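[1] no sequence on hand, only this structure:
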DNA sequence: AATGCCGCTGACCAATCGATCAGTCAGCCT
DNA sequence: AGGCTGACTGATCGATTGGTCAGCGGCATT
């Protein structure tokens, strides 16, 4: 029926322009006129294809979400020693963030802004799989199984993602902080984070008070 | 000269209303009319006191920054054993975030949005002192001094701040993730993060490849 | 050739945006 | 009393916002 041949039809150009602009400046700071201008289209055409500004935003958001989970999944499968598997996971998550920055900022802004209502949907439909996969990775590697007192795998996933997300969003600031040179040496950063995660897994933890 | 007695003059009410709204929804999503309404004032009066929307935003931002650094400084001084000092630091940083959420979101949004131009100013004038203090804390506690191969103190500061900031911004999502119950048990969260940081300091790290 | 559909456009809408204006009112100084 | 300052307001500005609508040209079907 339709021609799937021409990959760049008008609607797609609009989608991509909107993704860039929404990612850079957020929902409210971007106007339909801006998007139309960047896409080389007209305002009316945007409403013809998407109906409203909100609908366009959600379309862009959903596309960004789908794409990012694909990338993350690829970076996860590897049968190596624990240190290398952790490195792989760190690098994979980092790649997702840095290779499509606008998309990543779009998603994180949504997470920040979303109230309790949408948060559960985001957790289940968007981040659940990736987080579970990462948690399972740490559970697999854990030397003595889940001895009580040890840091649980899901928290190690939290540490990994937190550090990466922070590096991504703040690296322009971090690199000017005293001792923040790691923000510009990605390989060095990866090894340090790997060491933090590895030693947290190995150590028998004290659980005083 | 001026009366320092009346603590809530008009300008201050505007400032506080603006801080709340900017923190909740960001700069572009908030209009002067909203702020005037919330402050029980008039649009024109806002321009009378602050000159422009941007000037009001910066005034609010600066006030938020000053207040947060004060709180952080208090939480830092304590002469206890390493585990307790780290706990103290985690709790202090967490308090800064959660006890004035709008202010915290205001600042973080500024960090996210700022290009390379303003990032350096933010690093030096706003976050430099706190980050340095936190780094020094880890350097003091470090058992064998700075043996090479160990995770540097500034990176431990990165881990601490990253995890806290992520917990703050995403805890509505995290608590719905499998294994994300820690997002609602703050004391448990603090102890886990403390263990991660402690074991990262103690362990002689491998620096292969 | 007439048809209907679809991608697309310029002109236009009411509402709202940030900002300015002249002007009011209360307090303070001389 | 009179002059002056500063907090404050309602009305209003031009520009821009998200959104609508009638209509255009190309293309496939009948």
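    That came in fine, so what should we check first? These figures come from a predicted structure and were not determined experimentally. Numbers count the residues shown, from 1 in each chain, chains lettered A, B, ... in the order given.
[2] so after the one helix or strand residue A:86 maps to, what's the next helix or strand?
    Assessed by DSSP states H and E, residue A:86 sits inside helix A:82-98. Scanning forward in sequence from helix A:82-98 by DSSP H and E, the next helix or strand is helix A:101-113.
[3] that following helix to helix B:101-113, inter-axis angle?
    Orientation of helix A:101-113 against helix B:101-113 (axes from the mean of the first three to the mean of the last three C-alpha atoms, to 10 degrees) gives an angle of 180 degrees.
[4] what mean pLDDT does helix A:101-113 get?
    If you average the pLDDT over helix A:101-113, you get 89.
[5] got the contact list for that helix?
    Residues from elsewhere that reach helix A:101-113 (C-beta atoms under 8 Å, 6 or more residues apart in numbering or on different chains): A:19-20, A:22-24, A:26-27, A:60-61, A:64-65, A:67-68, A:96-98, A:119, A:122, A:126, A:165, A:168-169, B:105, B:112, B:169-170, B:173. (C-beta placed from N, C-alpha, C; glycine too.)
[6] try it again with 7 Å
    Applying C-beta atoms under 7 Å, 6 or more residues apart in numbering or on different chains, the external contacts of helix A:101-113 come out as A:19-20, A:22-24, A:26, A:60-61, A:64-65, A:67-68, A:96-97, A:122, A:165, A:168-169, B:169-170, B:173.
[7] and chain A, what are its domains?
    Using automatic domain parsing, the domain parsing of chain A gives A:1-51, A:61-208.
[8] I'd say residue A:183 and residue A:166 touch.
    No. Using C-beta atoms under 7 Å as the test, residue A:183 is too far from residue A:166 to be in contact (9.7 Å).
[9] any quick ChimeraX command for the buried ones out of the contacts of helix A:101-113?
    In ChimeraX, this line selects whichever of the contacts of helix A:101-113 come out buried by 16 or more other C-beta atoms under 10 Å in any protein chain shown:
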select /A:19,20,22,23,26,60,61,64,65,68,96,97,122,165,168,169 /B:169,170,173
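[10] so which of the contacts of helix A:101-113 also contact DNA strand C?
    Contacts with DNA strand C within the contacts of helix A:101-113, counted by C-beta under 7 Å from any atom of the strand: none were found.
[11] filter the contacts of helix A:101-113 down to the ones in helices?
    Secondary structure defined by DSSP state H assigns A:19-20, A:22-24, A:60-61, A:64-65, A:67-68, A:96-97, A:122, A:165, A:168-169, B:169-170, B:173 of the contacts of helix A:101-113 to helices.
[12] any idea how far residue A:52 lies from residue B:10?
    Distance of residue A:52 to residue B:10, given as C-beta to C-beta, to the nearest Å: 38 Å.
[13] what of residue A:26?
    30 Å.
[14] what of residue A:56?
    Distance from residue A:56 to residue B:10, by C-beta to C-beta: 40 Å.
[15] neighbour-wise, which of these two wins?
    residue A:56 (22 against 16; other C-beta atoms under 10 Å in any protein chain shown).
[16] where does the more buried one land on pLDDT?
    For residue A:56, the pLDDT comes out at 94.
[17] residues contacting it?
    Residues near residue A:56 by C-beta under 7 Å, 6+ apart: A:18, A:46, A:50.
[18] next: residue A:201.
    The contact partners of residue A:201, taken as C-beta under 7 Å, 6+ apart, are A:138, A:141-143, A:156.
[19] run the last query once more with 10 Å
    Neighbour list for residue A:201: A:82, A:86, A:138, A:141-144, A:150-151, A:153, A:156, B:196, B:199 [criterion: C-beta atoms under 10 Å, 6 or more residues apart in numbering or on different chains].
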